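**Student:** Sequence isn't available, so here's the structure alone:
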């Protein structure tokens with residue numbers, strides 16, 4: 001998951017024109033066309049390493065879906081865990097499909113397959129926040145912060161209260177950061193076998 005951010009930076013830096021994080025969407029990094037002549041300034045799109053970005057979308061989606069299993073180490077069995085796992089699997093599949101349907105190939109379908117990952121990721125964090133607070137107050141509070149930030153990003157992108165590139169990242173980045181910390185937490189906070197705790 002940490003490599004996602006590296007991939008985004010590397011692909012953006014490869015643009016022969018300046019990639020603008022405020023006006024260019026993340027999906028533009030996976031755009032398979034190169035339209036410089038027809039558009040200029042922030043509207044121009046040319047992503048030579050689009051394959052890297054689309055493979056990153058696919059890989060990230062698979063990791064999110066598979067990583068949902070890690071919630072077993074953090075969230076007690078029950079409706080919260082089941083709901084969160086379902087949402088994360090949906091979000092993971094959605095993210096993977098973004099890489100399979102680049103925005104320029106079929107814009108309408110691209111946004112249809114992309115939409116679930118915005119909602120599912122943030123709702124999943126909201127669902128597990130309360131049981132996490134009850135078990136690990138600090139990490140639970142961190143989960144609330146990430147879910148809140150992501151939700152603000154979603155509304156910001158829908159209501160156009162901020163440049164789309166910024167709003168989109170605010171909607172998506174908190175979950176990616178949270179997932180990284182959740183992976184660490186799953187390792188650190190996982191109960192140790194009785195044989196180890198007795199030593």
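**Tutor:** In hand now; what should we look at? For clarity, every value in this text was computed on a predicted model and none was experimentally measured. Residues are numbered from 1 along each chain as shown.

**Student:** Show me what the longest helix along the chain is packed against.
**Tutor:** Identified as the longest helix of the chain according to DSSP state H is helix 107-135. If contacts are counted by 3 or more Cβ pairs under 8 Å, 6 or more residues apart in numbering; DSSP states H and E, helix 107-135 sits against helix 79-100, helix 137-159, helix 164-189. C-beta coordinates here come from the backbone N, C-alpha and C atoms, glycine included.

**Student:** Now that helix: average pLDDT?
**Tutor:** Throughout helix 107-135, pLDDT has a mean value of 93.

**Student:** The helices and strands packed on helix 107-135: which one's closest to residue 52?
**Tutor:** Between residue 52 and the helices and strands packed on helix 107-135, the tightest spacing by Cβ to Cβ is seen for helix 79-100, at 10.3 Å.

**Student:** What residues sit buried inside that closest one?
**Tutor:** Judged by neighbour count (16 or more other Cβ atoms under 10 Å), helix 79-100 contains these buried residues: 80-81, 84-85, 87-99.

**Student:** Same check on stretch 172-182?
**Tutor:** By 16+ other Cβ under 10 Å, the buried positions in stretch 172-182 come out as 172-179, 182.

**Student:** okay, the residues you listed in a markdown table with pLDDT and distance to residue 69 next?
**Tutor:** Output for the buried residues of stretch 172-182, formatted as a markdown table (pLDDT from 0 to 100; distance: Cβ to Cβ, whole Å):
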| residue | pLDDT | distance to residue 69 |
| --- | --- | --- |
| 172 | 95 | 22 |
| 173 | 96 | 23 |
| 174 | 96 | 21 |
| 175 | 96 | 17 |
| 176 | 94 | 18 |
| 177 | 95 | 20 |
| 178 | 94 | 16 |
| 179 | 91 | 13 |
| 182 | 85 | 12 |
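
**Student:** Closest to residue 63 out of those residues?
**Tutor:** Minimum distance to residue 63 across the buried residues of stretch 172-182 is 8.3 Å, recorded for residue 179 (Cβ to Cβ).
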